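*Asks:* Predicted structure and sequence below. I'll ask about it afterward.
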Amino acid sequence: MDPQHVRIPMHENVSMGKQPTVNVLCLDVTRCSKTLQFLLCTLGVFVLYLLYGYLQEFIFQIEGFKPFGWYLTLIQFGLYTIFGWIECTLSNTVRRVPFSVYALLAFLTLGTMGFSNSSLGYLNYPTQVIFKCCKLVPVMLGGILIQRKVFSKVDSAAACCMCIGLIAFILADSKVSPVFSLIGVFMISFALLCDAAIGNVQEKAIKQYGATNAEIVYYSYSIGFIYLFFIMLISGNLHSGFAFCREKPSVYFYAFLFSISGYLGIQIVLTLVRTCDALTAVTVTTCRKAVTIALSFILFDKPFTIRYLWSSLLILLGIYLNICSKNPALMKSLIDLRNSVPLWRELPLTTRKRKITLLSNV
């Protein structure tokens, strides 16, 4: 499963009745301290996710590969199907969810990962990651339009920060980047819309039918593989992708490493959720994305402008506010911190706004 599209249930806590077995990949760390478990999971997240991001960008740096993002997605879906089948076989997993649900989930997963991969042919990798950081925005829009949800002021402020930061990043990228196209923006936007819908379908499959992660991965990716195989076969893209990779077979090796790092990465994220909590997992994966963007500028030759930094910080502020809204204790500490500053507390509202405006212009 793509690490960028991990759904972490922020409102659910892991039950700690009997101590379950805790495995970081094949390593049993049940008897280790919570701190050591956290450090091992965090190390695994950073190593596997950074490798995943590096390989994804590296593959699209191969000369002539940019038009074949969907072929990479086909390889990825095929490998995830094999990995999921092995896991289901070893755990004796039986299908519980109707095929109709998996048909929808496969379509959404295909849209998310396919358009996400293909967008790299039209966008810089950091721009793609920045878009993925702003998944809260389509999730909120879907909640308002479909479920008539009412979000808190903190969530609304977080969405505004993300939107402004994202617009600023796109404008900066369009000025300095040689790899920028509105086609890529539309692709990654559609990928985010599909990703926002995936969470609701997965939640229904898990809660209503008691499906395991292995079952969801296996059936959604195997059905998605069938969808994409016939679409590419009819369109002719399957033959052209195969012909290109026949000339450069190293693509298959990189695609295998890319896929297995993503599949193992999601397992560690789920372990992190079980051993710590969802908030910790979100924080770790967010920090990982920031490091991924920094490494992308270091390892791959691309132009840089200070606007990237300011817009990214604004998006990080939005992510931080979103995390705070999910944690009442953290929100209370922020309110207490604000109230503990006498100057801020005593200033009238108009003066506060003026100070914020002045600071923003520095």
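*Replies:* Perfect, I can see it now. Numbering: from 1, shown residues only.

*Asks:* my guess is residue 65 meets residue 56, correct?
*Replies:* No. Taking C-beta atoms under 8 Å as the definition, residue 65 is not a contact partner of residue 56, at 11.4 Å. Yep, even glycine has a C-beta here, placed from its N, CA and C like the rest.

*Asks:* Tell me the pLDDT of the spatially closest residue to residue 256 that is not a sequence neighbour.
*Replies:* Spatially, and ignoring its direct neighbours in sequence, residue 256 is nearest to residue 79 (6.5 Å; C-beta to C-beta, 6 or more residues apart in numbering). At residue 79, the predicted lDDT confidence score is 96.

*Asks:* Also the one 3 residues further on?
*Replies:* Among the per-residue scores, residue 82 holds a pLDDT of 95.

*Asks:* buried sites along the host helix or strand of it?
*Replies:* Under the criterion of DSSP states H and E, residue 82 resides in helix 69-90. Burial within helix 69-90, assessed by neighbour count using 16 or more other C-beta atoms under 10 Å, is assigned to 69-81, 83-85, 87-88.

*Asks:* Run a quick check on residue 165 versus residue 312, I expect a contact.
*Replies:* Yes. The pair residue 165 and residue 312 qualifies as a contact (C-beta under 8 Å) at a distance of 6.9 Å.

*Asks:* hey, what's in contact with both of those two?
*Replies:* residue 130 (C-beta atoms under 8 Å, 6 or more residues apart in numbering).

*Asks:* Please, where are all the helices along the stretch 151-300 of the chain?
*Replies:* 153-176, 182-209, 213-235, 237-247, 250-275, 278-299 (DSSP state H, counting those that start in this stretch).

*Asks:* Where does the prediction get shaky in the protein?
*Replies:* Scanning the chain for pLDDT under 70 picks out 1-20, 23, 25-26, 142-143, 145-147, 199, 277-279, 327-362.

*Asks:* sorry, back to before: need the helices of the stretch 151-300 of the chain in CSV (columns: distance to residue 104 and mean neighbour count).
*Replies:* Below are the helices of the stretch 151-300 of the chain laid out as CSV (distance: least, C-beta to C-beta, whole Å; neighbours: other C-beta atoms under 10 Å):
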stretch, distance to residue 104, mean neighbour count
helix 153-176, 26, 18
helix 182-209, 6, 18
helix 213-235, 9, 19
helix 237-247, 24, 14
helix 250-275, 20, 20
helix 278-299, 25, 17
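
*Asks:* closest to residue 99 out of these?
*Replies:* helix 213-235 (7.8 Å; C-beta to C-beta).

*Asks:* quick one on the thing from earlier: using CSV, please lay out the helices of the stretch 151-300 of the chain together with distance to residue 117.
*Replies:* Shown next, in CSV, are these (distance: least, C-beta to C-beta, whole Å):
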stretch, distance to residue 117
helix 153-176, 19
helix 182-209, 9
helix 213-235, 11
helix 237-247, 12
helix 250-275, 10
helix 278-299, 16
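
*Asks:* nearest to residue 135, of the ones you listed?
*Replies:* Using C-beta to C-beta, the helices of the stretch 151-300 of the chain put helix 182-209 closest to residue 135, at 5.8 Å.

*Asks:* relative to helix 213-235, how tilted is the closest one?
*Replies:* Taking axes from the mean of the first three to the mean of the last three C-alpha atoms, to 10 degrees, one finds helix 182-209 and helix 213-235 inclined to each other by 140 degrees.

*Asks:* just checking, what packs against helix 182-209?
*Replies:* Contacts defined by 3 or more C-beta pairs under 8 Å, 6 or more residues apart in numbering; DSSP states H and E place helix 182-209 against helix 99-119, helix 125-133, helix 136-146, helix 213-235.

*Asks:* mind redoing it with 10 Å?
*Replies:* helix 99-119, helix 125-133, helix 136-146, helix 153-176, helix 213-235 (3 or more C-beta pairs under 10 Å, 6 or more residues apart in numbering; DSSP states H and E).

*Asks:* wait, residue 193 sits on residue 116?
*Replies:* No. Using C-beta atoms under 10 Å, residue 193 is not in contact with residue 116, being 11.5 Å away.

*Asks:* coming back round to it: so which of the helices and strands packed on helix 182-209 gets nearest residue 284?
*Replies:* Nearest of the helices and strands packed on helix 182-209 to residue 284, taken as C-beta to C-beta: helix 125-133 at 13.9 Å.

*Asks:* just checking, what packs against that closest one?
*Replies:* helix 34-61, helix 99-119, helix 153-176, helix 182-209, helix 278-299, helix 306-325.

*Asks:* The third one - contacts with which helices or strands?
*Replies:* The reference is to helix 153-176. Checked by 3+ C-beta pairs under 10 Å, 6+ apart, helix 153-176 has helix 125-133, helix 136-146, helix 182-209, helix 306-325 packed alongside it.

*Asks:* let's go with 7 Å and repeat that
*Replies:* Helix 153-176 is packed against helix 125-133, helix 136-146, helix 306-325, with contacts defined by 3 or more C-beta pairs under 7 Å, 6 or more residues apart in numbering; DSSP states H and E.

*Asks:* picking that back up, how far away is the residue nearest to residue 256 from residue 303?
*Replies:* Applying C-beta to C-beta, to the nearest Å, the value for residue 79 to residue 303 is 34 Å.

*Asks:* swap in residue 30?
*Replies:* 48 Å.
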